[in-house]
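Novice: Coordinates for the following, if possible.
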Amino acid sequence: QVQLVQFGGGLVQSGGSLTLSCEIKGPTYNNLAMAWFRQTSGKGREFVAAISPTGKLTDYPDSVRGRFTISRDDSKNALYLQMNSLKPDDTAIYYCAARPGLFGRGNYDYWGQGTQVTVSS
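Specialist: Numbers count the residues shown, from 1 in each chain. Below is the predicted model:
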């Protein structure tokens, strides 16, 4: 069984940076595509970033491309989201997610507990 445990988040000023972490527990880490999503009460769940099982491929929506970077550390079974140039619109609950096989923008099987990111203006 795959379990995702998130760390990080908090309050940051507009223009600031923040890094989210996600620890993956389970026997199939190297075969998992990973992703980050965020959710607000007004917009619902939004895709933020994805990374392939090998880490060689990444995908971002236009809203965060160039500001956010997804990465994984196989030695630590960890997933990261580095967020730079944060805006108040980035305020949301952020979730890490995983699924076996190809990465994509949806249909993830496993989810972290969520962590709040608040960007003040």
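Novice: Against which helices or strands is the strand or helix carrying Ser21 packed?
Specialist: Assigning secondary structure by DSSP states H and E places Ser21 in strand 18-25. Contact partners of strand 18-25 among helices and strands, from 3 or more CB pairs under 8 Å, 6 or more residues apart in numbering; DSSP states H and E: strand 3-8, strand 32-40, strand 78-83, strand 92-100, strand 115-120. Placement of C-beta: from N, CA and C, glycine included.
Novice: Let me know the secondary structure of Asn30.
Specialist: helix (DSSP: H, G, I helix; E, B strand; the rest coil).
Novice: List the residues that contact the residue nearest the centre of the chain.
Specialist: In the chain, the centroid-proximal residue (CA atoms, centre = their mean) is Trp36; its distance is 2.5 Å. Trp36 makes contacts with 20, 22, 48-50, 68, 70, 79, 81, 94-97, as judged by CB atoms under 8 Å, 6 or more residues apart in numbering.
Novice: nearest to Thr40, of those residues?
Specialist: Tyr94 (10.5 Å; CB to CB).
Novice: what sits opposite the residue nearest to Asn107 when sequence neighbours are not counted in the beta ladder?
Specialist: In space, and not counting its chain neighbours, Asn107 is closest to Arg99: 6.6 Å by CB to CB, 6 or more residues apart in numbering. Counting by DSSP bridges, Arg99 forms beta bridges with Ala33.
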